[in-house]
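Asker: Need the 3D shape of this:
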Amino acid sequence: MRKEVKKAKKVSESAITTVRLMMPTDGNIMGNVFGGSIMKYVDEVAAMVAFRHAEKNCVTASIDRMNFLAPVYVGNILILKAAVNYVGRTSMEIGVRIEAQDPPSGKIVHTGSCYLTYVALDEKGRPTPVPKIIPETEEEKRRYREGLARRKMREAEIAALKRE
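Answerer: Okay, here's the model as predicted:
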């Protein structure tokens with residue numbers, strides 16, 4: 001029994017930019033936002049992109065290494081730009097660019113980036129095929145190539161762990 005997969009989609013069809021004000025509940029007593037709070041918001045926006053692309057339930061399969069390039073402070077506006085980079089058969093790599101804006105100055109700083117892998121699930125909770133993506137711009141094509149390379153590295157790492 002072959003599962004029906006919808007036609008390929010443009011990257012822009014599921015991309016999302018979201019913003020949120022960093023509140024005292026997001027930060028420590030010195031005014032820095034906790035990395036865990038940012039990671040939660042990254043996972044949420046990436047999940048929304050995965051849901052929009054697959055039009056199915058999706059779950060986080062992995063989160064690549066997260067580097068924080070600059071601090072985010074309580075009172076900053078957190079800007080999360082998320083899009084599908086690469087699609088396999090049942091999985092998708094979602095890239096999220098994290099920025100912080102200082103409201104009084106308007107200055108925006110790139111504070112981090114993260115790649116998350118989501119797997120689409122059918123009604124029985126099993127992996128199910130997802131639509132391919134159509135990268136249109138040069139940047140989307142570059143992100144697709146880099147996403148494929150990261151996928152191959154993840155597969156090699158998993159294979160090595162299974163041999164241990």
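
Asker: Show me the longest strand that occurs in the chain.
Answerer: The longest strand of the chain (DSSP state E) is strand 108-121.

Asker: what does the average pLDDT come to for the following helix or strand past that strand?
Answerer: Counting by DSSP states H and E, the next helix or strand C-terminal to strand 108-121 is strand 133-134. Strand 133-134 carries an average pLDDT of 96.

Asker: so how far is strand 133-134 off the chain centroid?
Answerer: The chain centre lies 16 Å from the centre of strand 133-134; the measure is CA atoms, centre = their mean, to the nearest Å.

Asker: Run through the neighbouring helices and strands of the helix or strand following that strand.
Answerer: Scanning forward in sequence from strand 133-134 by DSSP H and E, the next helix or strand is helix 138-163. Under the contact criterion of 3 or more CB pairs under 8 Å, 6 or more residues apart in numbering; DSSP states H and E, helix 138-163 touches strand 77-87, strand 91-101, strand 108-121. Backbone N, C-alpha and C define where each C-beta goes, glycine included.

Asker: which one of those lies closest to Arg142?
Answerer: Among these, strand 77-87 comes nearest to Arg142, with 9.4 Å by CB to CB.

Asker: Report the rounded mean pLDDT for that closest one.
Answerer: Taken as a whole, strand 77-87 has an average pLDDT of 98.

Asker: Describe which strands it pairs with in its sheet and in which direction.
Answerer: Sheet pairing of strand 77-87 (DSSP bridges) gives strand 16-21 (antiparallel), strand 91-101 (antiparallel).

Asker: Can I get the first one as PDB, trimmed to CA atoms?
Answerer: As requested, C-alpha coordinates have been extracted for strand 16-21 and formatted as PDB (Å, rounded to 0.1, in the frame of the first residue of the first chain):
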ATOM      1  CA  ILE A  16       8.000  31.500   9.500                       C
ATOM      2  CA  THR A  17       9.400  34.500  11.200                       C
ATOM      3  CA  THR A  18       8.200  35.000  14.700                       C
ATOM      4  CA  VAL A  19       9.000  37.500  17.400                       C
ATOM      5  CA  ARG A  20       8.500  37.600  21.100                       C
ATOM      6  CA  LEU A  21       9.500  40.000  23.900                       C
END
